[in-house]
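Engineer: Okay, predicted coordinates and the sequence, questions at the end:
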Amino acid sequence: MDKPVRIALFGIGKMGQNHLRILSMLKDVEVAFLYDVNEELCADLSKKFGIKILENLDSDLKSCDGAIIVTPTFTHFDYINKVSDYVKNIFVEKPLTNTLESTQVIVDLAKDKNLNIQVGFIERYNPAVITLKTILASSKQNIINIDFIRTNKMSSRITDVDVVIDLMIHDIDLALSFNGDVRDIYAHGVVIDGMIEYARACIIHTNGSFSNIVASRITEKRLRQISITTHNEYIDCNLLRKEVFVDKQSVEQRLDNVSISANTETIEVRGQESLLSELIDFVKMCKNIPSSTNNRPNQNDGMKAMQVAHKIQDIIHSAHKLS
């Protein structure tokens with residue numbers, strides 16, 4: 001039997017505890033060490049799960065195959081730098097770092113040290129998104145437009161980043177994944193106390209398709225919606241309910257007139273929890289096994305998403321200063 005993959009987990013807040021829950025389910029994984037600035041919480045979870053607390057980077061991390069960083073965004077840069085001296089396989093929750101400049105430094109660091117970095121764009125592993133890509137691949141239809149809507153009330157956990165980095169960046173990554181490189185960007189938003197809390201962006205891709213992305217932390221309503229228009233289909237996807245509906249146009253000739261009607265198909269979406277799929281992919285990376293979906297987001301994907309996010313932020317803040 002192969003030795004389990006030994007992983008150190010940095011950050012055990014709400015999201016970090018979700019990672020810990022999933023990692024503890026995987027038979028070929030050993031969570032070797034926990035670390036968090038909250039020493040009391042660290043001690044409690046260490047006792048509950050029987051996992052050692054990381055005390056010495058030099059000695060402890062040398063025995064690990066990988067590290068998972070689920071700390072506040074503004075700390076990602078420092079943690080990646082620290083652990084990269086000891087492990088080459090690193091998972092970082094999105095975004096890669098909190099600024100465009102520091103993200104570029106990490107991209108360069110990964111190249112210099114031959115690091116394998118996986119960025120936590122979890123929606124790539126959402127069964128509904130995987131179903132969408134399967135539908136598009138099978139129908140061979142070119143995308144005209146994709147509408148993304150993602151809303152959530154402001155979280156007390158997240159105070160260091162705006163709505164573009166907190167929520168919109170998930171859909172920026174998906175837009176790039178679906179439609180490719182960007183030719184132009186238009187955006188507007190609402191700035192409250194210096195922080196963007198509502199953002200709307202239109203991305204024109206080099207392939208001629210459009211991505212319209214809305215992200216909001218102003219209202220209580222929680223939405224995760226993707227709607228895709230192709231020449232012959234309209235595909236509606238609810239990421240929360242894991243529902244996909246496909247409307248296909250059919251043309252019926254009636255005398256000299258033509259009427260257009262739509263046939264709606266409901267696609268049953270099956271699949272395992274997105275975080276489970278995501279972490280299984282990271283464990284594969286630690287074992288030097290290719291991604292089963294060939295869709296594992298790396299530091300370059302993180303950089304591309306951050307470049308678009310940074311442009312959207314600049315447009316919105318510039319408009320706000322003029323108003």
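Structural biologist: Thanks, I have the structure now.

Engineer: which element is I226 on?
Structural biologist: For I226, the host element (DSSP states H and E) is strand 223-230.

Engineer: Let me fix that, I meant to ask about I68.
Structural biologist: strand 66-69.

Engineer: Can you get me a residue count around the closest residue in space to H320 that isn't next to it in sequence?
Structural biologist: If the residues on either side of it in the chain are set aside, H320 comes closest to V191, at 4.4 Å by CB to CB, 6 or more residues apart in numbering. Where you see a C-beta, it was placed from the backbone N, CA and C, and this is true even at glycine. V191 is flanked by 18 other residues according to other CB atoms under 10 Å.

Engineer: Pairing partners for V191 in the sheet, please.
Structural biologist: Per DSSP bridges, the residues bridged to V191 are I196.

Engineer: And the pLDDT at it?
Structural biologist: For V191, the pLDDT comes out at 95.

Engineer: just to revisit the earlier point, ok, the strand holding I226: who's next to it in the sheet?
Structural biologist: Here, using DSSP bridges, strand 223-230 pairs with strand 143-151 (antiparallel), strand 233-238 (antiparallel).

Engineer: what bits of the stretch 51-200 of the chain have low per-residue confidence?
Structural biologist: 154-159 (pLDDT under 70).

Engineer: That one: helices as residue ranges?
Structural biologist: All helices of the stretch 51-200 of the chain, identified by DSSP state H, counting those that start in this stretch, fall at 57-61, 76-83, 100-113, 127-139, 163, 169-179.

Engineer: V214 is nearest to which of these?
Structural biologist: When these are compared by CB to CB, helix 169-179 sits nearest V214, at 8.6 Å.

Engineer: Now do the closest one against helix 127-139, angle only.
Structural biologist: Relative orientation of helix 169-179 versus helix 127-139 (axes from the mean of the first three to the mean of the last three CA atoms, to 10 degrees): 10 degrees.

Engineer: And for helix 169-179, what's in contact with it?
Structural biologist: If you take CB atoms under 8 Å, 6 or more residues apart in numbering as the criterion, helix 169-179 is touched by 94-95, 121-124, 129, 133, 136, 143, 146, 148, 150, 182, 203, 205, 207, 209, 211, 213, 215, 226, 228, 295, 297, 301, 304-306, 308-309, 312.

Engineer: Mind doing that once more with 7 Å?
Structural biologist: Residues from elsewhere that reach helix 169-179 (CB atoms under 7 Å, 6 or more residues apart in numbering): 94-95, 121, 123-124, 129, 143, 146, 148, 150, 203, 205, 207, 209, 211, 213, 297, 301, 304-305, 308-309.

Engineer: can you tell me which of those residues are in strands?
Structural biologist: Cross-referencing the contacts of helix 169-179 against strands under DSSP state E gives 143, 146, 148, 150, 203, 205, 211, 213.

Engineer: since we're on N38, how many residues are nearby?
Structural biologist: Using other CB under 10 Å, N38 is surrounded by 12 other residues.
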